[in-house]
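> Any chance you could fold what I've pasted below:
(one chain, ligands or ions: 1)
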Amino acid sequence: MRRVKGISREALEFILEASRSSMPREFAGLLQAREGVISEILILPGTESSEWMAWVPVYMLPSMPIVGSCHSHPVPNPAPSQEDLEFFSRTGSYHIIAFPPFDERSWRCYDSSGRRRDLIVIESNRAQTPVFRPE
Ligand SMILES: [Zn+2]
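As a prediction, the model looks like this:
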(Lines give C-alpha, C1' and ligand atoms only; values in the text may rest on other atoms or scores of the structure.)
Protein backbone atom coordinates (compact mmCIF):
# COMPACT_ATOMS: atom_id res chain seq x y z
CA MET A 1 0.00 0.00 0.00
CA ARG A 2 1.19 3.47 -0.88
CA ARG A 3 2.27 5.60 2.05
CA VAL A 4 0.18 8.76 2.39
CA LYS A 5 1.17 11.42 4.92
CA GLY A 6 -1.84 13.64 4.39
CA ILE A 7 -3.69 15.95 2.04
CA SER A 8 -2.59 19.44 1.09
CA ARG A 9 -4.79 22.32 2.23
CA GLU A 10 -5.21 23.41 -1.40
CA ALA A 11 -6.42 19.99 -2.53
CA LEU A 12 -8.93 19.81 0.31
CA GLU A 13 -10.22 23.30 -0.43
CA PHE A 14 -10.55 22.39 -4.09
CA ILE A 15 -12.69 19.37 -3.19
CA LEU A 16 -14.93 21.42 -0.90
CA GLU A 17 -15.31 24.23 -3.43
CA ALA A 18 -16.02 21.85 -6.31
CA SER A 19 -18.55 20.03 -4.13
CA ARG A 20 -20.25 23.30 -3.24
CA SER A 21 -20.46 24.52 -6.81
CA SER A 22 -21.71 21.17 -8.12
CA MET A 23 -24.80 21.28 -5.93
CA PRO A 24 -27.36 19.84 -6.18
CA ARG A 25 -25.31 17.33 -8.15
CA GLU A 26 -22.47 15.22 -6.90
CA PHE A 27 -18.87 16.01 -7.55
CA ALA A 28 -16.40 13.16 -7.91
CA GLY A 29 -12.71 12.77 -8.50
CA LEU A 30 -9.65 10.64 -7.94
CA LEU A 31 -6.83 11.53 -5.54
CA GLN A 32 -3.22 11.61 -6.68
CA ALA A 33 -0.31 11.84 -4.27
CA ARG A 34 3.05 13.47 -4.78
CA GLU A 35 5.74 12.50 -2.32
CA GLY A 36 3.09 11.07 -0.05
CA VAL A 37 0.85 14.14 -0.01
CA ILE A 38 -2.51 14.12 -1.78
CA SER A 39 -2.15 17.19 -3.92
CA GLU A 40 -3.88 16.54 -7.23
CA ILE A 41 -7.53 15.84 -7.98
CA LEU A 42 -8.53 14.13 -11.20
CA ILE A 43 -12.09 15.06 -11.99
CA LEU A 44 -14.25 12.21 -13.22
CA PRO A 45 -16.50 12.96 -16.15
CA GLY A 46 -20.23 12.51 -15.95
CA THR A 47 -20.47 12.90 -12.23
CA GLU A 48 -23.99 14.26 -12.43
CA SER A 49 -25.15 10.66 -12.12
CA SER A 50 -25.70 9.57 -8.55
CA GLU A 51 -24.35 6.18 -9.58
CA TRP A 52 -21.10 7.49 -11.00
CA MET A 53 -19.08 4.72 -9.40
CA ALA A 54 -20.92 2.09 -11.33
CA TRP A 55 -19.73 3.27 -14.68
CA VAL A 56 -16.20 4.53 -14.23
CA PRO A 57 -14.46 2.07 -16.53
CA VAL A 58 -11.28 0.80 -14.94
CA TYR A 59 -9.37 1.21 -18.20
CA MET A 60 -9.97 4.96 -18.01
CA LEU A 61 -7.94 5.27 -14.87
CA PRO A 62 -4.65 6.96 -15.68
CA SER A 63 -1.34 5.31 -14.99
CA MET A 64 -0.29 7.98 -12.48
CA PRO A 65 -0.48 6.86 -8.87
CA ILE A 66 -4.05 7.01 -7.58
CA VAL A 67 -4.37 6.67 -3.81
CA GLY A 68 -8.14 6.99 -3.54
CA SER A 69 -11.18 9.03 -4.43
CA CYS A 70 -13.30 11.96 -3.39
CA HIS A 71 -16.94 12.76 -3.92
CA SER A 72 -19.69 14.85 -2.46
CA HIS A 73 -23.05 14.03 -0.98
CA PRO A 74 -25.74 16.62 -1.66
CA VAL A 75 -27.33 15.83 1.71
CA PRO A 76 -25.56 16.25 5.06
CA ASN A 77 -24.93 12.52 5.46
CA PRO A 78 -21.29 11.45 5.13
CA ALA A 79 -21.93 7.70 5.37
CA PRO A 80 -20.71 5.73 2.34
CA SER A 81 -23.46 4.09 0.28
CA GLN A 82 -23.30 0.50 -0.92
CA GLU A 83 -22.12 1.77 -4.32
CA ASP A 84 -19.47 3.88 -2.59
CA LEU A 85 -18.13 0.84 -0.73
CA GLU A 86 -17.87 -1.16 -3.92
CA PHE A 87 -15.93 1.63 -5.56
CA PHE A 88 -13.70 2.18 -2.50
CA SER A 89 -12.62 -1.46 -2.56
CA ARG A 90 -11.32 -1.06 -6.10
CA THR A 91 -9.63 2.33 -5.99
CA GLY A 92 -7.01 2.90 -3.32
CA SER A 93 -7.08 3.39 0.43
CA TYR A 94 -8.16 7.01 1.00
CA HIS A 95 -11.71 8.01 0.21
CA ILE A 96 -13.05 11.44 1.03
CA ILE A 97 -16.75 12.21 1.25
CA ALA A 98 -17.69 15.88 1.50
CA PHE A 99 -21.15 16.98 2.62
CA PRO A 100 -23.06 20.23 3.19
CA PRO A 101 -22.25 22.90 4.23
CA PHE A 102 -18.84 21.97 2.76
CA ASP A 103 -16.81 23.87 5.33
CA GLU A 104 -13.44 22.68 6.61
CA ARG A 105 -15.08 20.13 8.89
CA SER A 106 -17.67 18.86 6.39
CA TRP A 107 -15.69 15.89 5.15
CA ARG A 108 -14.71 12.41 6.24
CA CYS A 109 -12.03 10.02 5.11
CA TYR A 110 -12.56 6.26 4.82
CA ASP A 111 -10.33 3.32 4.02
CA SER A 112 -10.98 0.83 1.23
CA SER A 113 -13.47 -1.09 3.37
CA GLY A 114 -15.41 1.99 4.43
CA ARG A 115 -13.98 2.46 7.93
CA ARG A 116 -13.27 5.98 9.12
CA ARG A 117 -9.62 6.90 8.99
CA ASP A 118 -7.63 9.97 9.91
CA LEU A 119 -6.18 12.19 7.21
CA ILE A 120 -3.90 15.05 8.17
CA VAL A 121 -4.30 18.39 6.38
CA ILE A 122 -0.87 19.65 5.40
CA GLU A 123 -0.36 23.38 5.08
CA SER A 124 1.65 24.52 2.10
CA ASN A 125 5.12 25.86 2.85
CA ARG A 126 5.07 27.94 -0.31
CA ALA A 127 2.12 30.16 0.51
CA GLN A 128 3.15 31.13 4.06
CA THR A 129 -0.43 32.13 4.74
CA PRO A 130 -0.81 33.47 8.27
CA VAL A 131 -3.28 31.51 10.35
CA PHE A 132 -5.87 33.54 12.23
CA ARG A 133 -7.58 31.92 15.13
CA PRO A 134 -10.83 33.32 16.48
CA GLU A 135 -10.65 34.23 20.17
ZN1 LIG B 1 -21.41 8.53 -1.81
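> Which strand or helix spans the residue in the chain positioned nearest to the ion?
With Cβ to the ion as the measure, the residue in the chain that lies nearest the ion is D84; the distance is 4.0 Å. Every residue, glycine included, has its C-beta placed from N, CA and C. Taking DSSP states H and E as the criterion, the element that holds D84 is helix 82-88.
> Are the helix or strand that that helix is followed by and the ion in contact anywhere?
Moving toward the C-terminus from helix 82-88, the first helix or strand encountered (DSSP H and E) is strand 94-98. No: contact of strand 94-98 with the ion is not found when judged by Cβ under 5 Å from the ion; the minimum separation is 5.7 Å.
> if we can go back for a sec, report the mean per-residue pLDDT for the helix holding D84.
Average pLDDT, helix 82-88: 92.
> Kindly report the same for stretch 92-101.
Taken as a whole, stretch 92-101 has an average pLDDT of 96.
> distance between the ends of it?
End-to-end distance for stretch 92-101, by Cα to Cα, to the nearest Å: 26 Å.
> Can you show me the helices along this structure?
Along the chain, counting by DSSP state H, helices occupy 9-22, 82-88.
> mind listing what the nearest residue to N77 once chain neighbours are set aside touches?
Spatial nearest neighbour of N77, excluding adjacent residues (Cβ to Cβ, 6 or more residues apart in numbering): F99 at 6.4 Å. If a contact means Cβ atoms under 8 Å, 6 or more residues apart in numbering, then F99 has 72-73, 75-78, 106-108 as its contacts.
> Let's have these in CSV, adding pLDDT and neighbour count.
Compiled in CSV, the contacts of F99 are given as follows (pLDDT from 0 to 100; neighbours: other Cβ atoms under 10 Å):
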residue, pLDDT, neighbour count
S72, 94, 27
H73, 94, 21
V75, 93, 9
P76, 93, 10
N77, 94, 11
P78, 95, 17
S106, 96, 18
W107, 97, 21
R108, 98, 17
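> Having no further points to raise, I will conclude here.
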